[in-house]
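Undergrad: here you go, sequence then predicted model.
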Amino acid sequence: MNIDQVFNQSQSWIYFFAFLFVSFILFFILQKFVFQTQKHFQNRQSHFFLQSFLKLRLDRPVAGILLTFLWLSFYKLLGLPEQFGKPFATTLQIVQSLLLIQIGYLVCEAIGLWLQQAASQTNNLAQQQLVPLISKTLKVLVVLIGILLLIQSLGFNVISLLAGLGLGGLALALAAQDTAANFFGSLMILVDQPFKIGDLIKIGDTEGTVENIGFRSTRIRTYDRSLVTLPNSFVAKEKIDNLTLRDSFRIRHVLGFIYSTPTTLLQSYCEELRKDFSLNPIIVKEDIRVYLQELGDFNLQVLVQVYVTPMTPIEFAAFRQDVLIQVMNLAEKRGLEFAFPTQTHHISEHTKV
């Protein structure tokens, strides 16, 4: 290498670092310009989608993309060595693609906010629950397509690459079965609508309030205040008991009275209790059951079963207490005695010593 070549390479590196320094300054200038432009148009737009889009932090990725275009256009003029220039250009392409993916991801987020705002103005629960799934699906598609385009731009044949995966692709497909099952489970839940966010449901051994219906799973807040996550493939095939959709709440107890209770007294007690229940506006009058149900081994069993209008769990607990106290007070007033599990043993004369 002669002196002129050394001088030219030194000069190229000086230009490179000078351009790099200018790029840092230019990055902050472009970032500030994009931010101010967003703010300017944000004050002029009334459409919710444009408002959401302009509120996104686009200043950094947009400034970065502009700089990568600038570098890709002029880096050859710097006269850098080929062993450095080619990897540098490849790095610029990768950074540019990643920034484009980031912008696409942010656009999907703005679309999700726009759809969520539009769905909230309607009474269609299916639309409201479908919005998060659409938003997440768009984000996943943007990332996947962006990565495939990035691989294609680096000189690889994506189709040949995917076809050449062979057993690896088969293993990937098998591993994705659960993901696909959960995805279709989510669609079934959103289309069939067995429950919605905020409903009190019971699935298998899990009972609680639905907090989120996601792309892969459903989250339920249990009575213990723990958060249980169930795969949607499991939820879609299990029996779902939607407790929120009950048209009434049941109160059911079996009272046991001693066998020495007079029949007429027991009958009048049941009639009076049915009459008192029918006067309560909260109790459903068409289905009041207070009857002698069974002659048990140790007691006379009276079934007390009523249905009450829907209410909150706390209100229901308080009302059930009132019903039980009413049952006990009337039994005390009538002189009825509750039985305990007892047995009477009769010893014949032949067994005596």
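TA: Received it, and whenever you're ready, just let me know what you need.
Undergrad: can you pull out the helices in the stretch 201-350 of the chain?
TA: 232-237, 263-278, 313-334 (DSSP state H, counting those that start in this stretch).
Undergrad: rank these by pLDDT, which is bottom?
TA: Per-stretch mean pLDDT for those is lowest at helix 232-237 (a mean of 84).
Undergrad: all strands of the stretch 101-250 of the chain, in order?
TA: 200-203, 206-213, 217-222, 227-231, 240-242, 249-257 (DSSP state E, counting those that start in this stretch).
Undergrad: tilt between the second one and strand 227-231?
TA: Relative orientation of strand 206-213 versus strand 227-231 (axes from the mean of the first three to the mean of the last three Cα atoms, to 10 degrees): 80 degrees.
Undergrad: can you list the buried residues in strand 206-213?
TA: In terms of neighbour count (16 or more other Cβ atoms under 10 Å), strand 206-213 has its buried residues at 206, 208-210, 213. (Each C-beta comes from the backbone N, C-alpha and C, glycine too.)
Undergrad: where does this structure have its least confident helix or strand?
TA: Every helix and strand in the chain was compared by mean pLDDT, DSSP states H and E; the lowest is helix 167-175, with a mean of 50.
Undergrad: still on that earlier bit, okay, the strands of the stretch 101-250 of the chain in JSON lines with mean pLDDT and distance to Ile151 next?
TA: Below are those laid out as JSON lines (pLDDT from 0 to 100; distance: least, Cβ to Cβ, whole Å):
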{"stretch": "strand 200-203", "mean pLDDT": "90", "distance to Ile151": "41"}
{"stretch": "strand 206-213", "mean pLDDT": "88", "distance to Ile151": "34"}
{"stretch": "strand 217-222", "mean pLDDT": "89", "distance to Ile151": "30"}
{"stretch": "strand 227-231", "mean pLDDT": "90", "distance to Ile151": "31"}
{"stretch": "strand 240-242", "mean pLDDT": "89", "distance to Ile151": "42"}
{"stretch": "strand 249-257", "mean pLDDT": "92", "distance to Ile151": "59"}
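Undergrad: let's have the ones you listed in TSV, adding distance to Phe27.
TA: Formatted as TSV, the strands of the stretch 101-250 of the chain follow (distance: least, Cβ to Cβ, whole Å):
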stretch	distance to Phe27
strand 200-203	52
strand 206-213	39
strand 217-222	40
strand 227-231	42
strand 240-242	53
strand 249-257	64
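Undergrad: how about the ones you listed, which one is nearest Asp59?
TA: The minimum distance between Asp59 and the strands of the stretch 101-250 of the chain falls on strand 206-213, with 31.4 Å, by Cβ to Cβ.
Undergrad: what sits up against the closest one?
TA: Residues outside strand 206-213 that contact it (Cβ atoms under 8 Å, 6 or more residues apart in numbering): 129, 132, 186, 189-190, 195-201, 218-223, 227-228, 230, 232, 243.
Undergrad: circling back: nearest to Ser248 among the buried residues of strand 206-213?
TA: For the buried residues of strand 206-213, the residue nearest Ser248 by Cβ to Cβ is Thr209; the value is 19.8 Å.
Undergrad: quick revisit: of the strands of the stretch 101-250 of the chain, which approaches Phe35 most closely?
TA: Comparison of the strands of the stretch 101-250 of the chain against Phe35 by Cβ to Cβ identifies strand 206-213 as nearest, at 33.1 Å.
Undergrad: okay, that closest one in PDB with CA atoms only?
TA: Listed next in PDB are the C-alpha coordinates belonging to strand 206-213 (Å, rounded to 0.1, in the frame of the first residue of the first chain):
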ATOM      1  CA  THR A 206     -62.400 -22.300  38.900                       C
ATOM      2  CA  GLU A 207     -65.000 -19.700  40.000                       C
ATOM      3  CA  GLY A 208     -64.600 -16.000  39.800                       C
ATOM      4  CA  THR A 209     -65.000 -12.800  37.800                       C
ATOM      5  CA  VAL A 210     -63.700 -12.500  34.200                       C
ATOM      6  CA  GLU A 211     -61.100  -9.800  34.000                       C
ATOM      7  CA  ASN A 212     -59.700 -10.300  30.500                       C
ATOM      8  CA  ILE A 213     -60.400 -12.300  27.400                       C
END
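Undergrad: just to revisit the earlier point, between the buried residues of strand 206-213, which is closest to Pro281?
TA: Thr209 (28.0 Å).
Undergrad: in the sheet, who's paired with the closest one?
TA: Thr209 has these beta-bridge partners by DSSP bridges: Leu200, Arg221.
Undergrad: related to what we said a few turns ago, could I have the buried ones of the contacts of strand 206-213 as PyMOL selection syntax?
TA: Entered in PyMOL, the line below selects the buried ones among these, by 16+ other Cβ under 10 Å:
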select buried, resi 129+132+186+189+190+195+196+199+200+201+218+219+220+228+230+232
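Undergrad: nearest to Phe28, out of the helices of the stretch 201-350 of the chain?
TA: Taking Cβ to Cβ, helix 232-237 is the member of these nearest to Phe28, at 45.4 Å.
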